[in-house]
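*Asks:* Coordinates for the following, if possible.
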Amino acid sequence: MSTSTTHTVVDSPLGGLTATAEGGALTGLYFPRHRGMPSVESLGTRTDEGFEEVRRQLAEYFAGRRTRFELPLAPRGEEFQQRVWRLLREIPYGRTRSYGELAQELGDPSLARAVGAANGRNPLSVIVPCHRVVGADGRLTGYAGGLGRKRFLLELEAPVPAAAGRLF
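*Replies:* Numbering: from 1, shown residues only. Purely as a prediction, here's the structure:
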């Protein structure tokens, strides 16, 4: 029995996000003009059914009320990519890691470029927070959704200083 792919478009402050799912699990989340987005033909049937929780959790995230996603995920990729994507999900909200730090966590500092390549092929933008990966010097580096979107997401997650909430 084959499971069919479905998709929907979720409104966000960064434009309509195309969400894809198969068998009840999210397989992709793509920005408009996303580098590496699958072909329109492979997105499957468009429907809103089955995407209610994705829509709700993304709305909470963009409103600043959600720091971690709790959704069934099924990204397609090679074993090394899967390992990198699992590491990305461990980067805490509001924090960043460098490609080299992730390579070190994988046990081999020489894997930084391979980590960068796997990061760039992450099919679940925002949900699997590849935007939290920066260059060794802290600078923003490539992002499939564009550096403006990466900056937006990092600023959204930036901690608010305690004094900012006080009047006196």
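
*Asks:* Contact partners for Gly135?
*Replies:* Going by C-beta atoms under 8 Å, 6 or more residues apart in numbering, Gly135 touches 98-99, 141. (Each C-beta comes from the backbone N, C-alpha and C, glycine too.)

*Asks:* Please repeat the previous calculation with a cut-off of 7 Å.
*Replies:* 98, 141 (C-beta atoms under 7 Å, 6 or more residues apart in numbering).

*Asks:* what's the spacing between it and Phe62?
*Replies:* 26 Å (C-beta to C-beta, to the nearest Å).

*Asks:* what does Thr20 give?
*Replies:* 19 Å.

*Asks:* Who has more neighbours out of those two?
*Replies:* When Thr20 is set against Phe62 and neighbours are counted by other C-beta atoms under 10 Å, the residue ahead is Thr20, at 23 against 18.

*Asks:* Relative to Gln81, how far out is the more buried one?
*Replies:* Taking C-beta to C-beta, one finds Thr20 at 17 Å from Gln81.

*Asks:* Please apply the same query to Ile127.
*Replies:* Relative to Gln81, and taking C-beta to C-beta, Ile127 is found at 15 Å.

*Asks:* and Leu17, what are its bridge partners?
*Replies:* On the basis of DSSP bridges, Leu17 is bridged to Val10.

*Asks:* That one contacts Val10, correct?
*Replies:* Yes. Between Leu17 and Val10 there is a contact under C-beta atoms under 7 Å: 4.6 Å.

*Asks:* So which residues of the chain form helices?
*Replies:* 52-62, 79-90, 99-105, 112-120, 147-157 (DSSP state H).
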